[in-house]
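1. Requesting a structural model of the entry that follows:
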Amino acid sequence: MDSLDMAQCVNGGIEPLASGALITPIIVATGIIGIVFSIFLLRQVASVLLDVTSAPGATRTADSAEQNTKLVELYRAITVGASAFLNAEYKLCALFVAVVSVGITLLISWATKDPATGEWAWTSGLISALSFFVGAVTSMVSGFIGMRVAVFSNARCTVGACDPSKGWTRSFNTAFRAGGVMGFSLTGIAILALYILLAILRTAFPDSDEGYKQLMDVVAGFGLGGSSIAMFGRVGGGIYTKAADVGADLAGKVVQDLPEDDPHNPGTIADNVGDNVGDVAGMGSDLFGSFGEASCAALLVGASSPMIVAAGWGALMFPLTVSGVGIVVCLITNFVATGLSPVRKEADIERVLKTQLLVSSLLMTPCVYGLAVALLPSATCGGCTGGFYIGSICSSRINAFLCVAFGLWGGCLIGFVTEYYTSFSY
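-> Numbering: from 1, shown residues only. All right, here's what the predicted structure looks like:
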């Protein structure tokens, strides 16, 4: 290629892709679909009455009335305890977020100040703090949804298990749908929050390579905010539940000779409260934090490539589009476990959960390939014809697809291997 051709070959001859116009509708629609489907699942869980004789074929007796009374009593005690703990914890989280937001503003404004004039970059500092704040608040919302759904559904799983003919099916479906409420709502809220934040902050930076780098730099605070709250939920709830567990065992089993998880032991209620806060609310925040960090990292990598920037907003939003399409794939897969291949006996639980992993991975693979081909650029001239540069590395659409596919199937394989070495079945 002569010097004239080289001068004319800017960013590999890449122009903005027409598919970029579909990005906003796709991401917003999939986020809304996730939230709406989580409400649908919640209504299905709520349809289970807190009555152990509500199942077809069950008979009402004096014992069943007593069982209902105890069930509702324990359900309310755990609900009140979990709400009280989470409210107390989130008050401390709110104080932490306020203090750290101020620190982020000052430190980033100072670190990115103009070297010529020494003027602090208050815009970068304030926007980074805003991203951190939005990520933290969204993480708290995710944890709160997870905890509320968990305590709402645990008694209903018990009711489902009391069904004399379909106990395994009803209890598993209730638990599975309750988990889906947190999963779909969390992902939908996370995608919408991050995309809306990006769309708003995008107007504060120039539409250039450097502008998009700065945008993704400040948005990285979104993932940090989510991870910070996840730390409080997992560590704080974990310490609480372990202390309650040990206390319940010492006071109940050793001193009073009570059975495991006997409701007469107040420590048992505290232990269940800690399980809901640490293992559910903390996990919800943790999942959100993982999503935020991974998404922000991928967006930052994309913004570092002038060729991807040249391909337009759609190419930059490739990571979020993959997550959005994943919601639809998981929605389809959800009906496999509860409708097409339901649990009918204890041994079916492991099979059904493995099927979920396998089917969702199989369906997601061609979707990722299609998105990579439709959204990522392909240079028509220069030293990386047919691909695009990431730094000094010549990559391509197929390479991007393979990176996602290896992560997708690697996670699936890890799940199967871990199950093999830790499952009671083996």
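
2. Just the CA trace of stretch 388-398, in CSV.
-> Extracted C-alpha coordinates of stretch 388-398, given in CSV (Å, rounded to 0.1, in the frame of the first residue of the first chain):
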residue,chain,number,x,y,z
PHE,A,388,-9.9,-4.4,14.1
TYR,A,389,-7.1,-3.3,16.4
ILE,A,390,-7.3,-3.5,20.2
GLY,A,391,-4.2,-1.7,21.2
SER,A,392,-1.5,-3.3,19.0
ILE,A,393,-3.3,-6.6,18.7
CYS,A,394,-5.3,-7.3,15.5
SER,A,395,-8.5,-9.0,16.6
SER,A,396,-11.7,-9.9,14.7
ARG,A,397,-15.3,-10.6,15.1
ILE,A,398,-14.7,-14.4,15.3
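
3. Could I get the buried residue list for that stretch?
-> Within stretch 388-398, the residues scored as buried using 16 or more other Cβ atoms under 10 Å are 388, 389, 390, 394, 395, 396, 397. C-beta coordinates here come from the backbone N, C-alpha and C atoms, glycine included.

4. Over to stretch 108-123?
-> Result for stretch 108-123 [16+ other Cβ under 10 Å]: buried residues 108, 109, 112, 113, 120, 121.

5. Surely the fourth one is in a helix?
-> Pointing back at residue 113 there. No: according to DSSP: H, G, I helix; E, B strand; the rest coil, residue 113 belongs to no helix; its state is coil.

6. okay, the nearest residue to it once chain neighbours are set aside: pLDDT?
-> Once flanking residues are discounted, residue 113 sits nearest to residue 120: 4.7 Å by Cβ to Cβ, 6 or more residues apart in numbering. pLDDT, residue 120: 88.

7. you'd agree residue 120 is in a strand?
-> No: using three-state DSSP, the assignment for residue 120 is coil, not a strand.

8. Contact partners for it?
-> 109, 110, 113 (Cβ atoms under 8 Å, 6 or more residues apart in numbering).

9. And the last one, how close does it get to residue 106?
-> Put plainly, it is residue 113. 11 Å (Cβ to Cβ, to the nearest Å).

10. want to try a markdown table for the buried residues of stretch 108-123, with distance to residue 71 as columns?
-> Below are the buried residues of stretch 108-123 laid out as a markdown table (distance: Cβ to Cβ, whole Å):
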| residue | distance to residue 71 |
| --- | --- |
| 108 | 52 |
| 109 | 55 |
| 112 | 57 |
| 113 | 61 |
| 120 | 59 |
| 121 | 58 |
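
11. ok, so of the residues you listed, who is nearest residue 144?
-> residue 108 (28.6 Å; Cβ to Cβ).

12. looking at it, that closest one is touching residue 124, isn't it?
-> Yes: contact criterion Cβ atoms under 8 Å: residue 108 and residue 124 qualify, at 5.6 Å.

13. For residue 248, see how far away residue 258 is.
-> Distance from residue 258 to residue 248, by Cβ to Cβ: 9 Å.

14. The two: which has the busier surroundings?
-> Taking other Cβ atoms under 10 Å, residue 258 and residue 248 do not tie; residue 248 has more neighbours (22 against 18).

15. Look at the more buried one and give its secondary structure.
-> Strictly by three-state DSSP, residue 248 counts as helix.
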